[in-house]
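Colleague: What follows is a predicted structure for the sequence shown.
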Amino acid sequence: MLRHIVMWKFKPQAQGRTREQNMEMMREKLLALPSKIDFIRSFEVGRDVCHTEKSYDMCLVSEFDSVRKMLEYREHPDHVPVSRQMKELIESRAVIDYEY
């Protein structure tokens with residue numbers, strides 16, 4: 001099994017929306033993906049509640065059967081537009097993928 005974790009720091013403003021508005025919009029788009037991509041084993045999206053200087057704003061924790069399936073997810077036609085839009089709204093991101 002592979003766990004795929006992504007964390008994002010959102011821009012204060014982007015595309016005419018606030019950080020909060022963009023976070024909620026992207027959360028909804030991300031949470032729609034498991035119903036479109038049947039090989040996602042688990043998928044959760046969380047928003048930071050502590051708001052420390054080192055905190056990221058939002059994260060995704062997902063699981064796949066293998067590295068190959070995660071790479072397939074990355075290129076999936078339902079995921080690609082969500083990823084592209086996310087890149088326009090964020091300042092930075094961190095990613096880790098590990099097998100367990």
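Modeller: Happy to help now that I have it. Worth saying up front: this structure is predicted, and the values here are computed from it rather than measured.
Colleague: Just the mean pLDDT for stretch 15-30, thanks.
Modeller: Mean pLDDT, computed over stretch 15-30, is 98.
Colleague: Next, the buried residues of it.
Modeller: Applying a neighbour-count criterion of 16 or more other Cβ atoms under 10 Å, one finds 19, 22, 23, 26, 29, 30 buried in stretch 15-30. Where you see a C-beta, it was placed from the backbone N, CA and C, and this is true even at glycine.
Colleague: Specify the local secondary structure of the third one.
Modeller: What that stands for is residue 23. helix (DSSP: H, G, I helix; E, B strand; the rest coil).
Colleague: Show me what secondary structure element comes after the one helix or strand residue 70 maps to.
Modeller: Of the helices and strands defined by DSSP states H and E, residue 70 is found in helix 67-75. Once helix 67-75 ends, the next helix or strand along the chain (criterion: DSSP H and E) is helix 80-89.
Colleague: Just the buried residues of that next one, please?
Modeller: For helix 80-89, by 16+ other Cβ under 10 Å, it's 85, 86, 89.
Colleague: Tell me which residues touch the residue most central in space within the chain, please.
Modeller: Per Cα atoms, centre = their mean, the C-alpha nearest to the average position across the chain is that of residue 60, at 4.5 Å. Each residue near residue 60 by Cβ atoms under 8 Å, 6 or more residues apart in numbering is listed here: 4, 5, 6, 7, 30, 43, 44, 45.
Colleague: Can you check the pLDDT for it?
Modeller: 98.
Colleague: what do you get for the one 5 residues further on?
Modeller: As predicted, residue 65 sits at a pLDDT of 98.
Colleague: Okay, it and residue 4: tell me how far apart.
Modeller: Computed as Cβ to Cβ, to the nearest Å, the residue 65 to residue 4 distance reads 12 Å.
Colleague: So those two - more neighbours on which side?
Modeller: residue 4 (21 against 12; other Cβ atoms under 10 Å).
Colleague: what angle separates whichever strand or helix holds that one from helix 67-75?
Modeller: Element membership of residue 4, judged by DSSP H and E, is strand 2-10. Orientation check (axes from the mean of the first three to the mean of the last three Cα atoms, to 10 degrees): strand 2-10 against helix 67-75 gives 30 degrees.
Colleague: Given the following helix or strand past strand 2-10, what are its sheet partners and their directions?
Modeller: Using DSSP H and E, the helix or strand that follows strand 2-10 in sequence is strand 13-14. Applying DSSP bridges, strand 13-14 is found paired with strand 17-18 (antiparallel).
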